[in-house]
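Undergrad: just coords:
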């Protein structure tokens, strides 16, 4: 994970350095807000095991934190961003190893650390107020932290943790309003998603055959508020 994030950070910095330098300004930004992870589906990676595990996990709302450094070229911007989001598990509905349906509460949380290279296009609304659209791509480490259940229907209702790295992307839109000569108040909506990850089955309470991996992914909607400061 560290090597992947380091490589993406280098690429983001190289991209900013290779862009045209005329009339460019630099900024740092920080944002915080509420994240709503969508229901997470977890299924057997190999179809020959199906339908031994097919579950849907419901998550609570959580937090989303972003920090970025970027270059502003007037109508467009590019930046490197480090992000973190975390949401608690609430319940699971699904089918487990004995082809028995089960629904009930689960415990634990899912967190995501991401590093993205983002692009922005700014629309000037007058009085230096900006409406913008954004998209980005990079990598994310998804961590499944202390997942568990007390339900005796599972062979081993213990507590498990795991993490995997995968590709990630985001799209969004926002409104930036100046509150001083070099500071803007930034309100943003953001959709974030990862590609599929494969993890050991025990992390999803299916502890009969550890060689049968489970496939899932993460996506979320977020609303955030923060500051963008010219440097």
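TA: Here it is on my side, so go on. This structure is a prediction, so every number in the text was calculated from the model and none was measured.
Undergrad: what segments of this protein are strands?
TA: For the chain, strands defined by DSSP state E occupy the ranges 25-37, 40-44, 54-59, 61-72, 76-95, 101-105, 107-126, 129-148, 159-178, 183-194, 197-199, 214-216, 219-230.
Undergrad: what's the least confident stretch among those?
TA: Across the strands of the chain, strand 101-105 has the smallest mean pLDDT, namely a mean of 70.
Undergrad: related to what we said a few turns ago, reformat the strands of the chain as CSV; add mean neighbour count.
TA: Every residue, glycine included, has its C-beta placed from N, CA and C. Listed next are those as CSV, based on neighbours: other Cβ atoms under 10 Å:
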stretch, mean neighbour count
strand 25-37, 17
strand 40-44, 19
strand 54-59, 19
strand 61-72, 19
strand 76-95, 19
strand 101-105, 12
strand 107-126, 18
strand 129-148, 19
strand 159-178, 17
strand 183-194, 18
strand 197-199, 17
strand 214-216, 20
strand 219-230, 18
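Undergrad: roughly how far does residue 175 sit from residue 76?
TA: Separation of residue 175 from residue 76 (Cβ to Cβ, to the nearest Å) stands at 17 Å.
Undergrad: from residue 124, how far out is the closest residue to residue 137 other than its chain neighbours?
TA: Nearest residue to residue 137 in three dimensions, chain neighbours excluded: residue 169, at 4.7 Å (Cβ to Cβ, 6 or more residues apart in numbering). The gap separating residue 169 from residue 124 is 27 Å, by Cβ to Cβ.
Undergrad: next one: residue 194
TA: Distance, residue 194 to residue 124, using Cβ to Cβ: 33 Å.
Undergrad: now residue 104
TA: From residue 104 to residue 124 the distance is 52 Å (Cβ to Cβ).
Undergrad: ditto for residue 64
TA: From residue 64 to residue 124 the distance is 27 Å (Cβ to Cβ).
Undergrad: what does residue 91 give?
TA: For residue 91, the distance to residue 124 - Cβ to Cβ - is 46 Å.
Undergrad: swap in residue 181?
TA: Going from residue 181 to residue 124 by Cβ to Cβ gives 17 Å.
Undergrad: same check, this time on residue 131
TA: For residue 131, the distance to residue 124 - Cβ to Cβ - is 8 Å.
Undergrad: which residues touch residue 124?
TA: Residue 124 sits next to 75, 130 when contact means Cβ atoms under 8 Å, 6 or more residues apart in numbering.
Undergrad: how about it: which residues does it bridge to?
TA: For residue 124, the beta-bridge partners under DSSP bridges are residue 130.
Undergrad: also residue 137?
TA: Counting by DSSP bridges, residue 137 is bridged to residue 117, residue 169.
Undergrad: I'd say it and residue 192 touch.
TA: No: Residue 137 is beyond contact range of residue 192, at 11.2 Å (criterion: Cβ atoms under 8 Å).
Undergrad: intersection of neighbour lists for these two?
TA: Common contacts of residue 137 and residue 192 (Cβ under 8 Å, 6+ apart): 168, 169, 170.
Undergrad: surely the last one meets residue 115?
TA: When you say that, I think you mean residue 170. No: checked against Cβ under 8 Å, the pair residue 170 and residue 115 is beyond contact range at 11.5 Å.
Undergrad: quick one: the residue nearest to residue 137 from residue 44, how far?
TA: As judged by Cβ to Cβ, residue 169 and residue 44 stand 25 Å apart.
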